[in-house]
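[1] Show me how the following folds:
(2 chains)
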There are 2 protein chains.
Amino acid sequence: MLEKIDLKKKCSGKDYKEKLEAEAERLSLLQRKCKEAGIPVIIVFEGFGAAGKGTQINRLIQAMDPRGFSVYTSNRETEEERMRPFLWRYWTKIPAKGRFTVFDRSWYRRVLVDRFDKITKKEELPNAFHDILSFERQLADDGTVIIKFFLYISKEEQKKRFKNLEESKETAWKVTEADWKRNKEYDEYLKINEEMLEKTDTDYAPWVIVEAMDKNYAALKIISSVTARLEQELAKRAVPGEKKQNEKPVMKEDYKSGVLSGVDLTKTLSNKDYKKKLDELQKKMEILHSELYRLRIPVVICFEGWDAAGKGGAIKRLTSHMDPRGYQVNPTASPNDTEKAHHYLWRFWNNMPKAGHIAIFDRTWYGRVMVERIEGFCSEEEWKRAYQEINEMEEHLTNSGCVVLKLWLHIDKDEQERRFKERMENPAKQWKITDEDWRNREKWDEYEKAVDEMLVRTSTTYAPWEIVEANSKYYARVKVLETVVEAMEKAIDASKR
Amino acid sequence: MLEKIDLKKKCSGKDYKEKLEAEAERLSLLQRKCKEAGIPVIIVFEGFGAAGKGTQINRLIQAMDPRGFSVYTSNRETEEERMRPFLWRYWTKIPAKGRFTVFDRSWYRRVLVDRFDKITKKEELPNAFHDILSFERQLADDGTVIIKFFLYISKEEQKKRFKNLEESKETAWKVTEADWKRNKEYDEYLKINEEMLEKTDTDYAPWVIVEAMDKNYAALKIISSVTARLEQELAKRAVPGEKKQNEKPVMKEDYKSGVLSGVDLTKTLSNKDYKKKLDELQKKMEILHSELYRLRIPVVICFEGWDAAGKGGAIKRLTSHMDPRGYQVNPTASPNDTEKAHHYLWRFWNNMPKAGHIAIFDRTWYGRVMVERIEGFCSEEEWKRAYQEINEMEEHLTNSGCVVLKLWLHIDKDEQERRFKERMENPAKQWKITDEDWRNREKWDEYEKAVDEMLVRTSTTYAPWEIVEANSKYYARVKVLETVVEAMEKAIDASKR
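    Numbers count the residues shown, from 1 in each chain, chains lettered A, B, ... in the order given. As a prediction, the model looks like this:
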């Protein structure tokens, strides 16, 4: 999920000061309320080196009454700590009712730096994740509010910051060899972090990704996430007798992490290049398909995208050279009565491919977190739960050796209008356009938010989303084929090893 | 948890018929109600070979409308099934709203027979458990009621039944070589089943252990578990707007699995034997303690038991030859204010031993599911959650290399009275007995139920309970020492390998 997040978010100095002051006042009040209500609060800071954890913790606590919080820096284990289970030092440091503990790095060391540095052994990892999840769930069940921040900067930015630190005598000591190693092997370390985020983003203790290129933006996102969450938790507890609900915190819309804003829709391809590439790729596809069949690798390819983004055309080009006995295209319409009487994933399970076969889904289970969410066909609780359910299903598929590929065909609002109109004017294409399409179009902004959240929450290491810039149909169709070909080559290579 | 369960439960023929008829009538009504309410119901049958799964399924469905349920027998995977993820065939077979599916063996094959037969590879196990838990949670979240039965018989009984089957031509084919292998290696297979039960006994899909030596008793326990659970689930859904609560089902008291009823309290030891054994064991203890220290193995020993069961005396004999620098006895009183302001496990975490040290707890975290449960010091939700929390804590400790031993000192009600009176009459012991002890005694039956549930739910493969027959103090003290010595020897052996 990290890789694709738009890191360009910023906040100007003047804007920053004003907003920060407002939030600081809120936080100060909320801290008093949490004290009165006896709520223990844990705030975790994780993220890349030089992403500014120290600075950000400092800014956050400025607003707080120092008698009410402690900051604990989680360095490498001491001799005393090493002689006990790794969670021991954190269990003994949990806040009492009404108090805050801020963790500068935390129990996540175990599955991040300590994993990278091979202090945590590979065979210890599953237990470590299991223990961390239990730990947080137990605290949350007991009423502790757990807020987790992941500070994210790019490789280049990290390098620049390390260099800046090294240039001054006062700060040079802060940059260690281990830091440089993690910068050099940034991609590998990123993967470790991605896996951690996937496995530990829970209802009761969700992660907030903080785009930390701009310190002001990061500070604002952090403090407003804290205030929003505390307000939500206080409200939850205020209603007497109401059951605790493990809701994802309401993030202020301004600070949502996103992907779509960073997509470059100007990408295009000439007719000549298109024809040449298409031909090459389709021939490759033909060979790869029979190879997959021979090696008995099942493949699931998901097509999602805006109405009129060109899903049908792309599927046609993708399958044109495939052996029809080896693949199936499953179009997804509204569920029928039998389907409605089952779990929403049931109908998709019925169409999962067997070994060596390809199942292409034209629209998918992601309807749950798009159309069903926006049209209210399922409850808020249901679509919020669906991210995890979907991730689990895709993980189960990949665990069994299946390749899962997800393509989001992206166009902008103007392009959609152009295509809608074109369809209406062309008698051969009129059937493709309905009133419903126009109605959906009115909800573009709502859909955009839902799609952004979907892409962030369900792009996993085992089943990543690929965003296909589709304003140019030629470009899109070629990128679809390229993506599929690449994934298949990878799977074939892996199975031979 | 299995090993210690009292298997002698029975039901006489006459009693059986009457009760069964009443339950059958209820079930029939409940099936209709589930249909009306659109509740899908899954009933899983697992357990030892020849424990009577087929017979019991047959008896259960007699009471039901055949148009409303299906029975699915989960044999070894077919070619078609093997080409897909192992949960595929179950996903496609989940019941629609208002229908029942009974699984004769189920997805648990993957972690039971298929594990024993090495069809499931060792490295696939963690994912298998993970996938099973997600699967059941997703269905439960969607409103499916999942009822899981584990039919349990002893090794000898199984052998007898296999022989009986083999004697008749009609049934001889039912007993396979694989069955005999599992009987021969009963203990190993038992362990596999124990681990499965530990890992998959959840709030949303709990296991019901069925003592299946007596078929009538088993049938009654099964049908009444189904009716009780369905009534509970219907009641839950009947209150509009109320949040779904993942409660453990209310089991009718008659059919609770228990341990204490099987304990033989007549065991005793002569003074001469006592002195001899005590001396030997204490000397052994001394050597083992220094060995543990050298090997840096941490040990946690928990003492629980009835008031006046002799915990103090046993701890004294246990520690008399230990090096005082290497162990600590932690008495557990009512929590003070600081302790009350933290999670209930926090104060125990503070006293967990470091590597090479022994921590002895005189009363423990198990207070949560005994005194706190019965006196209402915590909510029902809290003590019900505690079984899992405690198991997780102990698993975390054992994962880190710690030995966790739990001793329940058991006496009967008469013996307690005798000891209480003796204490009151003896001026040197009067301080030991308070009004509170007498008050607790009045709640003996309630405590007994709580203790039975605790022993069943928290006796795990990694941290088992040992029941110490303590009507004879001599016998009890020696058994405590023997148990500890044996566990230490095992840990030392394991660490050397």
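
[2] Is A:P353 located within a helix, as I assumed?
    No: A:P353 is assigned coil when assessed by DSSP: H, G, I helix; E, B strand; the rest coil, not a helix.

[3] contacting residues around it?
    A:298-300, A:328, A:359, A:402, B:84 (CB atoms under 8 Å, 6 or more residues apart in numbering or on different chains). All C-beta atoms are positioned from the backbone trio N, CA, C, and that covers glycine.

[4] go again using 6 Å as the cut-off
    By CB atoms under 6 Å, 6 or more residues apart in numbering or on different chains, the contact set of A:P353 is A:298, A:359.

[5] pLDDT at it, what is it?
    As predicted, A:P353 sits at a pLDDT of 94.

[6] how close does it sit to B:K33?
    Separation of A:P353 from B:K33 (CB to CB, to the nearest Å) stands at 39 Å.

[7] do the helix or strand of chain A with the lowest mean pLDDT and chain B meet?
    Scoring the helices and strands of chain A by mean pLDDT, DSSP states H and E places helix A:79-82 at the bottom, with a mean of 87. No: contact of helix A:79-82 with chain B is not found when judged by CB under 6 Å from any CB of the partner chain; the minimum separation is 6.7 Å.

[8] Assign a three-state SS to whatever residue is furthest in space from the centre of chain A, would you?
    Relative to the mean C-alpha coordinate of chain A, counting by CA atoms, centre = their mean, the farthest residue is A:P427 (41.3 Å). Here A:P427 is recorded as coil under three-state DSSP.

[9] separation between it and A:I433?
    Relative to A:I433, A:P427 is positioned 12 Å away (CB to CB).

[10] A:T171 now?
    Distance from A:T171 to A:I433, by CB to CB: 60 Å.

[11] and the two? which has more neighbours close in?
    It is A:I433, of A:T171 and A:I433, that has more neighbours when counted by other CB atoms under 10 Å in any protein chain shown, with 18 against 11.

[12] The more buried one reaches A:R423, doesn't it?
    Yes: between A:I433 and A:R423 there is a contact at 4.3 Å, judged by CB atoms under 6 Å.

[13] Identify the contacts common to these two.
    Jointly contacting A:I433 and A:R423 under the rule CB under 6 Å, 6+ apart is no residue at all.

[14] Output the contacting helices and strands for the one helix or strand A:R59 maps to.
    Here A:R59, judged by DSSP states H and E, is contained in helix A:53-62. If you count contacts as 3 or more CB pairs under 6 Å, 6 or more residues apart in numbering or on different chains; DSSP states H and E, helix A:53-62 packs onto strand A:100-104, helix A:215-238.

[15] Next, see if the following helix or strand past the last one gets close to chain B.
    Pointing back at helix A:215-238 there. Per DSSP H and E, helix A:215-238 leads on to helix A:271-295 as the next helix or strand towards the C-terminus. No: figure legend: helix A:271-295 not in contact with chain B (CB under 6 Å from any CB); closest approach 11.7 Å.

[16] Show me what counts as buried in helix A:271-295.
    Within helix A:271-295, the residues that count as buried by 16 or more other CB atoms under 10 Å in any protein chain shown are A:274, A:277-278, A:281-282, A:284-285, A:288-289, A:291-293.

[17] still on that earlier bit, in the helix holding A:R59, which residues are buried?
    Within helix A:53-62, the residues that count as buried by 16+ other CB under 10 Å are A:53, A:56-57, A:59-61.

[18] now do stretch A:32-39
    A:34-35, A:39.

[19] nearest residue to A:M454 other than its sequence neighbours?
    Spatially, and ignoring its direct neighbours in sequence, A:M454 is nearest to A:V369 (5.0 Å; CB to CB, 6 or more residues apart in numbering or on different chains).

[20] show me what contacts that neighbour?
    By CB under 6 Å, 6+ apart, the contact list for A:V369 reads A:383, A:386, A:454.

[21] And those residues, which is closest to chain B?
    Top of the list for closeness to chain B, among the contacts of A:V369 and by CB to the nearest CB, is A:A386 at 9.6 Å.

[22] quick one: pLDDT of that closest one?
    We have a pLDDT of 94 for A:A386.

[23] Check A:A476 too.
    In this model, A:A476 is scored at 97, pLDDT.

[24] And the strands in the stretch 101-250 of chain A, which stretches?
    Taking DSSP state E, counting those that start in this stretch, the strands of the stretch 101-250 of chain A run over residues A:145-152, A:207-211.

[25] now for these, which one comes closest to B:S379?
    Judged by CB to CB, the one of these that comes nearest to B:S379 is strand A:145-152, at 19.2 Å.

[26] How about the closest one and chain B, touching?
    No: using CB under 6 Å from any CB, strand A:145-152 stays clear of chain B, coming no nearer than 12.4 Å.

[27] and the angle for that strand with strand A:100-104?
    Strand A:145-152 runs at 20 degrees relative to strand A:100-104, counting by axes from the mean of the first three to the mean of the last three CA atoms, to 10 degrees.

[28] Identify all contacting residues around the helix or strand where A:I315 lies.
    Using DSSP H and E, A:I315 falls within helix A:311-319. By CB under 6 Å, 6+ apart, the residues outside helix A:311-319 that reach it are A:303, A:305, A:362, A:409, A:477, A:480-481.

[29] Narrow those residues to those that are buried.
    For the contacts of helix A:311-319, a neighbour count by 16+ other CB under 10 Å gives the buried set as A:303, A:305, A:362, A:409, A:477, A:480-481.

[30] Could you save those as a markdown table and add columns showing distance to A:R419 and secondary structure?
    As requested, the buried ones among the contacts of helix A:311-319 are exported to a markdown table (distance: CB to CB, whole Å; DSSP: H, G, I helix; E, B strand; the rest coil):
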| residue | distance to A:R419 | secondary structure |
| --- | --- | --- |
| A:F303 | 17 | strand |
| A:G305 | 12 | strand |
| A:D362 | 17 | strand |
| A:L409 | 12 | strand |
| A:R477 | 15 | helix |
| A:V480 | 17 | helix |
| A:L481 | 21 | helix |
